[in-house]
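> give me the fold of what follows.
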Amino acid sequence: MDRDDPTPRSEPRDELQALFEALRAQPQAPATLCGGQQPLHTVYGGAHLFRADVAVRLGRRALEALERWAPDARAFARAIGMRGADDPADPLPERVHARVRARLERLPVEDLRVDFEDGFGVRSDAEEDEHADRVAQQLVEGARNGTLPPLVGIRVRALDETSAARAVRTLERVVRPVGTALGTLPSGFVVTLPKVRCAAQPRTLARLLDRIERSIGLPPRTIPIELMIELPQALFGPDGRIVVRDLLDACEGRCRGLHFGTYDYTAACDVTAAHQAMDHPLCDFALAVLKNALSGTGVWLSDGATTELPVPPEPESGDEPDRARRNAASVHAAWRRMYANVQRALRMGIYQGWDLHPAQLPVRHAAVQAFFLEGIDSLLERLRNFVDRAARATRTGALFDDAATGQGLLNHVLRALHCGAIDVADLQAVGLAPDEIATRSFSRIVAARAISEEADRPHP
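Residues are numbered from 1 along each chain as shown. This next block holds a predicted model:
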């Protein structure tokens, strides 16, 4: 090449093509069966307790607990430790309380897991067979009557040397009859696999589900899988490498979510019982690893459960006010613990958790509502300003270097919309149209507005 010739020379076409092909060949995020909006929670209940109308009954009991232990909005806010409980000028307690009641009346349970593992206990094969058959019948009845929650599924036993055969037997006795009777499976049906140690376990479950789907005429990969992350081996391989993506790959495109098991995980890490808690540093670390490992996959991450249940420790009688006060104090203490746990998870960007008891449902919904309602008016106005500024900058060719904050604001209002803290009218009031909201992308909203504004400008 002539050293004095400043004309740039392009790379040979075949070399450029090879570079582009190498880019396209890079590993992509695993395909998943995630669809729709992530639920706020999953209620776990023993298979022996499952009935077709269990979600309705749980909602009724949750409302009874709210009315019994917190008769009004301020009492509820005080009981759970919410901001503004003793400030008459703060509207947050009333706003949250009204939405919690509405939620418990309309949709108390978003996701329900019929548990054949820890919540079911050790039982004979004959007894588990009997309950598996009954659960199948109740799932069919609930699907036909419309009483099941939007998402439902079963948790089988672990696929390890001691319980794999039992897990497969229960899986077959529940899923085949339901699929055969309905010609499909209930909406959002999922199989949850506990105590995952290695990729061979979810891979085995995926192959078992292949076989079941073929036998009852379901399309391939109809049944999603959830994995319970309860052991350090599910995070780190023998060489210290993070193996979360290996577990997702082993699900062969079926993985819908990972559920963290606080107490099994801390026990496996040699934490003593007195210090096993959801805010233990080891839990924060594990959840941070999972959150990062799942980035870009669309797989949902769920926190664990608060096991301190809000139930009165002493039987009550009408003539013992001291006992009633002690019972109320015990319930409120459990509520405050759970409220703090849910708020902590939300701050970490983990929007789902387990619930174990109907009296926990008011707190679950209150913690979520309060998290998204606090400062919502100023946040909506801030989002409007961000969109307008960014669109102007894009149109004029200037720089707007805070798009990440804009996306964070949009993330907040999208989650608030899902949980019912706000509605579409609130977003329209600050200038966001439904089609813009549907993009779920700050950058797309900005780009579309810039193009639209440019098209509307008069041109000489």
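> residues of the helix of greatest length in the chain that come out buried?
Counting by DSSP state H, the longest helix found in the chain is helix 321-347. Across helix 321-347, burial judged by 16 or more other Cβ atoms under 10 Å covers 327-328, 330-332, 334-346. For glycine as for every other residue, the C-beta is placed from the backbone atoms N, C-alpha and C.
> show me what that helix packs onto, helices and strands only.
Here helix 321-347 touches helix 54-69, helix 73-80, strand 353-355, helix 361-373, going by 3 or more Cβ pairs under 8 Å, 6 or more residues apart in numbering; DSSP states H and E.
> relative to the whole chain's centre, how far out is the last one?
I take that to be helix 361-373. 14 Å (Cα atoms, centre = their mean, to the nearest Å).
> now for that helix, which elements pack on it?
strand 41-46, helix 54-69, helix 73-80, helix 92-106, helix 321-347, strand 353-355, helix 403-419.
> cool, and the longest one?
For helix 54-69, the elements it packs on are strand 41-46, helix 92-106, helix 321-347, helix 361-373, judged by 3+ Cβ pairs under 8 Å, 6+ apart.
> 10 Å instead?
If you count contacts as 3 or more Cβ pairs under 10 Å, 6 or more residues apart in numbering; DSSP states H and E, helix 54-69 packs onto strand 41-46, helix 73-80, helix 92-106, strand 111-115, helix 125-145, helix 321-347, helix 361-373.
> residue ranges of each domain in this protein, please.
What automatic domain parsing lists as the domains of the chain is 41-373, 376-456.
> and among these, the most buried is which?
Each of the domains of the chain was scored by mean neighbour count; the highest is domain 41-373, a mean of 19, by mean count of other Cβ atoms under 10 Å.
> so, low pLDDT: which residues of the chain?
1-13, 19-20, 22-36, 317-319, 390-401, 452-460 (pLDDT under 70).
> at the geometric centre of it, which residue sits there?
residue 352 (3.2 Å; Cα atoms, centre = their mean).
> I figured that one was touching residue 256, is that so?
No. The criterion here is Cβ atoms under 10 Å, and residue 352 misses it with residue 256 at 11.2 Å.
> what's the overlap in contacts for those two?
Common contact partners of residue 352 and residue 256 (Cβ atoms under 10 Å, 6 or more residues apart in numbering): 38, 300.
> please tell me how far the residue nearest to residue 131 when sequence neighbours are not counted sits from residue 267.
Spatial nearest neighbour of residue 131, excluding adjacent residues (Cβ to Cβ, 6 or more residues apart in numbering): residue 47 at 5.0 Å. Counting by Cβ to Cβ, to the nearest Å, the gap from residue 47 to residue 267 is 24 Å.
> just residue 309 next, same as before
Counting by Cβ to Cβ - residue 309 and residue 267 are separated by 19 Å.
> picking that back up, okay if I get the helices and strands packed on helix 361-373 as CSV plus distance to residue 244?
As requested, the helices and strands packed on helix 361-373 are arranged in CSV below (distance: least, Cβ to Cβ, whole Å):
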stretch, distance to residue 244
strand 41-46, 19
helix 54-69, 31
helix 73-80, 33
helix 92-106, 32
helix 321-347, 18
strand 353-355, 19
helix 403-419, 22
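> residue 448: which of those is closest?
Closest to residue 448 of these is helix 403-419 (Cβ to Cβ; 13.6 Å).
> quick one: list the elements packing against the very next helix or strand once past the closest one.
As assigned by DSSP states H and E, the chain's next helix or strand after helix 403-419 is helix 424-429. Packing contacts for helix 424-429, counted by 3+ Cβ pairs under 10 Å, 6+ apart, involve helix 376-396, helix 403-419, helix 434-439.
> can you list contacts of helix 424-429?
Contacts for helix 424-429 (Cβ under 10 Å, 6+ apart): 376-377, 380-381, 383-384, 410, 413-414, 416-417, 422-423, 432-434, 436-437.
> please redo it, this time with the cut-off set to 7 Å
Outside helix 424-429, the residues that touch it by Cβ atoms under 7 Å, 6 or more residues apart in numbering are 380, 413, 434, 437.
> of the helices and strands packed on helix 361-373, which is nearest residue 144?
With Cβ to Cβ as the measure, helix 54-69 is the member of the helices and strands packed on helix 361-373 nearest residue 144 (14.9 Å).
> the inter-axis angle of the closest one versus helix 361-373?
80 degrees (axes from the mean of the first three to the mean of the last three Cα atoms, to 10 degrees).
> start at 59, not 1
With 59 as the first residue, the last one maps to helix 112-127.
> what's helix 112-127 in contact with?
With Cβ under 7 Å, 6+ apart as the criterion, helix 112-127 contacts 101, 103, 134, 137, 162-163, 166-167, 170, 205-207, 386, 389-390, 416-417, 419-420.
> same check, this time on stretch 294-311
88-91, 254, 257, 260-261, 264, 279, 283, 285, 292-293, 313, 347-348, 351, 355, 357.
> among the residues you listed, which ones are in helices?
Reading helices off the contacts of stretch 294-311 with DSSP H, I get 260-261, 264, 347-348, 351.
> which two of these have the greatest separation?
With Cβ to Cβ as the measure, no two of these lie farther apart than 264 and 347, at 23.2 Å.
> what about residue 74, neighbour count?
When neighbours are defined as other Cβ atoms under 10 Å, residue 74 has 11 of them.
> could you confirm it falls within a helix?
Yes. Counting by DSSP: H, G, I helix; E, B strand; the rest coil, one finds residue 74 located in a helix.
> re the thing from before, quick one: which of the helices and strands packed on helix 482-487 is nearest residue 227?
helix 461-477 (37.3 Å).
> so what touches the closest one?
For helix 461-477, the surrounding residues in contact (Cβ under 7 Å, 6+ apart) are 95, 98, 409, 426-427, 430, 434, 437-438, 440-441, 444-445, 448, 480-481, 485, 498, 500-501.
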